[in-house]
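*Asks:* Predicted model and sequence follow; I will ask about them next.
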2 protein chains.
Amino acid sequence: MSDPEWRTVRPVRTHEQVLTQIQQKILDGRLRVGDRLPSERELGEALGVSRNSVREALRVLESMGILSAQVGSGRDAGSTVAGRSTAALSNLLRLHMALSQFSQNDLVDVRIELERLAVARAAAGADVGDLERLRALTRAMAEPGMDYERFHELDSEFHIALARASDNALATDLMQALRDAVKGEMIAAFRRVRDWDVMVSTLTEEHLAILRAVEAGDGKEAAELVTRHIKGFYAAVGDAQE
Amino acid sequence: MSDPEWRTVRPVRTHEQVLTQIQQKILDGRLRVGDRLPSERELGEALGVSRNSVREALRVLESMGILSAQVGSGRDAGSTVAGRSTAALSNLLRLHMALSQFSQNDLVDVRIELERLAVARAAAGADVGDLERLRALTRAMAEPGMDYERFHELDSEFHIALARASDNALATDLMQALRDAVKGEMIAAFRRVRDWDVMVSTLTEEHLAILRAVEAGDGKEAAELVTRHIKGFYAAVGDAQE
DNA sequence: GGTAGCCTGTGGTTGGACCATAAGCACTGG
DNA sequence: CCAGTGCTTATGGTCCAACCACAGGCTACC
């Protein structure tokens, strides 16, 4: 035959079949968050494959944040459907970034867009609790004697809280993953800052301004502020982003 | 002690240690795309763990698109660092979407922002080849007798080509992953359209308008057009996104 | 009634065996 | 000399059988 796909006929590996079966159950809604899977041994027997192959599939799903495994006996033991995405996402992004699949620049641009989306939505209708949390974070960041690690943590929390206030779970998770993936570079950038105290107060002021715009319901202004906030920072540390 | 982290002392599993070692090598730049890893057996011996544990780690990395495994002997055999992110990303997103971690709405909103970023950047400086490819795709979409699957494919290619023209690899991959994750819903939405031919010509017209704006270097206009393009579609199929 | 200790189910880990595949290599026949 | 053919070897793919550690439930003993 003239079929050009002769060479591509890779046999489907066993653990991939197991993977497909479980994934299909999730996609069909037959498996939902909190559900418990059969034990590795049962699963292997049911699918006619070895426990090793089952384990490989389960480990993959676990690395994706889809499953969580617990040893022991009783209700909580075994593999249960988890649905925690951020750690898996950030890990994935970080590794691919290290492999130069994406540049720091790419990442910053995407981050800006996500943050714009977040603040615009947050301004449109943020929860009272979210706003209170944001205020508390700005207060915490204004405290004197802030070190790099601690400030980064609060800074991240502020931006993520902003995203959470936008009520878009995907944007929130993505942003958290992106921030997580560049955490190391971020702290390194902090260290390069000449006048740290000035930087802290500048950033904190900007946070306050963003928060005020959100509280005022001015999404457009908040989006502009957050854009300048991010671009300004990268300009100041002279890294990526002209 | 008052340390509340008593219960969280889960022992690190063997395959996680292997995973960490390899990931660290990638993060440090000691492993790059194209590099070949030792064989599973060697790796196990070197790290003092069983081959099974090594395999679990490798399968995880493979599922992340970081590695690719080939049987046999010679140069190409064994595990090599791959760096293909889109399939892994879309798989991850699709599953978490099925687990209701994100709604279709979330996804559309993020997509809009990514597309806005893409067209704005593309307008700022698209490659001649990219533009030619985009023109070819609009021509292909205008051909009569387009079925759902085929149109979706061309539509996706158009938007991804747009992203590629933006020269932001992360945005491109994310967009492709997002589109991939909702492919099924998308085609289902197509089927619900009453007058398919009208829909096709409308969408194709909009694509042309976006392309013209990009060619003219008008990023702002292109961004607006693409936003209306996406929102208009979802409004027309009466699904998600008011 | 409480508690200590056994029982059982679960993931975690190991070692060994065998298979299929694909490349390299040596032999052999033209 | 060269081409083909089969052996060798390195690799991932798969399975099995066993053992461990842990956690919850159960039971028997005090």
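*Replies:* Here it is on my side, so go on.

*Asks:* who in chain A is up against DNA strand D?
*Replies:* A:11, A:13-15, A:44, A:48-53, A:71-77 (C-beta under 7 Å from any atom of the strand). Where C-beta positions appear, they are placed from N, C-alpha and C, glycine not excepted.

*Asks:* give me phi/psi at A:Asp197?
*Replies:* Backbone torsions for A:Asp197, taken as degrees, to the nearest 10, come to phi -60, psi -40.

*Asks:* Quick check: it vs A:Ala222, distance?
*Replies:* Using C-beta to C-beta, to the nearest Å, A:Asp197 is found at 26 Å from A:Ala222.

*Asks:* picking up where we left off before, ok, and which of the residues of chain A next to DNA strand D reach chain B?
*Replies:* Contacts with chain B within the residues of chain A next to DNA strand D, counted by C-beta under 8 Å from any C-beta of the partner chain: A:His15, A:Asn52.

*Asks:* which stretch of helix or strand covers A:Thr80?
*Replies:* strand A:78-81 (DSSP states H and E).

*Asks:* Who are the packing partners of that strand?
*Replies:* Strand A:78-81 makes packing contacts with strand A:67-70 when contacts are defined by 3 or more C-beta pairs under 8 Å, 6 or more residues apart in numbering or on different chains; DSSP states H and E.

*Asks:* The strand it packs on packs against which elements?
*Replies:* Counting by 3+ C-beta pairs under 8 Å, 6+ apart, strand A:67-70 packs on helix A:51-63, strand A:78-81.

*Asks:* right, and A:His229 touches A:Thr204 too?
*Replies:* No. Using C-beta atoms under 8 Å, A:His229 is not in contact with A:Thr204; the gap is 10.8 Å.

*Asks:* what's next to stretch A:120-133, contact-wise?
*Replies:* A:161-168, A:211, A:213-220, A:222-223, B:109 (C-beta atoms under 8 Å, 6 or more residues apart in numbering or on different chains).

*Asks:* repeat that with 7 Å
*Replies:* A:161-162, A:164-168, A:213-215, A:217-219, A:222-223 (C-beta atoms under 7 Å, 6 or more residues apart in numbering or on different chains).

*Asks:* now do stretch A:201-212
*Replies:* By C-beta under 7 Å, 6+ apart, stretch A:201-212 touches A:119, A:134-135, A:138, A:141-142, A:155, A:158, A:222, A:225-226, A:229, A:233.

*Asks:* now do 8 Å
*Replies:* A:119, A:131, A:134-135, A:137-138, A:141-142, A:155, A:158, A:162, A:222, A:225-226, A:228-229, A:232-233.

*Asks:* What of stretch A:223-235?
*Replies:* Residues contacting stretch A:223-235 (C-beta under 8 Å, 6+ apart): A:108, A:111-112, A:115-116, A:118-120, A:162, A:203, A:206-207, A:209-210, A:213, A:240-242.

*Asks:* got the angle between the helix or strand hosting A:Arg111 and helix B:104-125?
*Replies:* If you go by DSSP H and E, A:Arg111 is part of helix A:104-125. If you take axes from the mean of the first three to the mean of the last three C-alpha atoms, to 10 degrees, helix A:104-125 sits at 130 degrees to helix B:104-125.

*Asks:* mind listing what's buried in helix A:104-125?
*Replies:* A:104-123 (16 or more other C-beta atoms under 10 Å in any protein chain shown).
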